[in-house]
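Trainee: what follows is a predicted structure for the sequence shown.
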Amino acid sequence: MLDEVDRKIIILLQENGRITDVELSKKIGVSHDTAKRRRRKLEEEGYLKIQALIDPCKFGYTSVFLLGIKLVPGADVRKTAEKLAAHRDFVFVALSLGPTHAIIAVCTAQDQLTLTRLTERLRTWNEIAEIDMNIIYEVLKEAFHTIPVNSLK
């Protein structure tokens with residue numbers, strides 16, 4: 001169970017992942033050691049992960065693509081998703097429930113030829129029945145892993 005100190009640490013880290021433990025302690029009103037220990041515990045227990053987010057366009061990736069992947073009946077969804085996740089071009093792979101797809105995957109490509117080659121390779125996988133491609137041309141909100149802290153238990 002998270003307490004109020006944990007919630008405050010999470011809120012502050014969501015606002016600024018680079019905040020120091022000293023700054024955390026001052027803003028929350030606890031000792032430096034307490035802030036450091038509590039932040040580490042939240043990380044170790046998997047409540048949060050601090051990462052750098054990059055802008056793919058700055059690295060020459062012209063487009064980001066969302067793929068909806070339908071599998072053939074009887075295919076092992078998890079095994080196929082893990083195979084996709086191991087591929088360096090995919091930055092997000094998730095299992096999904098619903099009438100249309102078994103796997104949602106996001107990949108980047110520096111040009112259309114690269115994307116075409118990638119999808120051609122995927123189409124050779126016997127377990128894939130269909131690939132629906134969506135081009136993400138503008139991101140309006142990127143807070144996928146940010147949830148209102150008051151809903152945290």
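Mentor: Sure thing, it's come through.
Trainee: any idea which residue sits dead centre in this structure?
Mentor: Centroid-nearest residue in the chain, with Cα atoms, centre = their mean: Phe92, separated by 5.7 Å.
Trainee: so what's that one bridging to?
Mentor: Assessed by DSSP bridges, Phe92 has beta-bridge partners Val106.
Trainee: that one contacts Leu84, correct?
Mentor: No - judged on Cβ atoms under 8 Å, Phe92 makes no contact with Leu84 at a distance of 9.9 Å. For every residue, glycine as well, the C-beta is placed using N, CA and C.
Trainee: shared neighbours, these two?
Mentor: Counting by Cβ atoms under 8 Å, 6 or more residues apart in numbering, the shared contacts of Phe92 and Leu84 are Ala105.
Trainee: circling back: let me know the pLDDT of the residue nearest to the centre of the chain.
Mentor: For Phe92, the pLDDT comes out at 89.
Trainee: ok, it - contacts?
Mentor: Taking Cβ under 8 Å, 6+ apart, one finds 104-106 in contact with Phe92.
Trainee: got a winner among those residues for most neighbours?
Mentor: When neighbours are taken as other Cβ atoms under 10 Å, the top entry among the contacts of Phe92 is Ala105 (23 neighbours).
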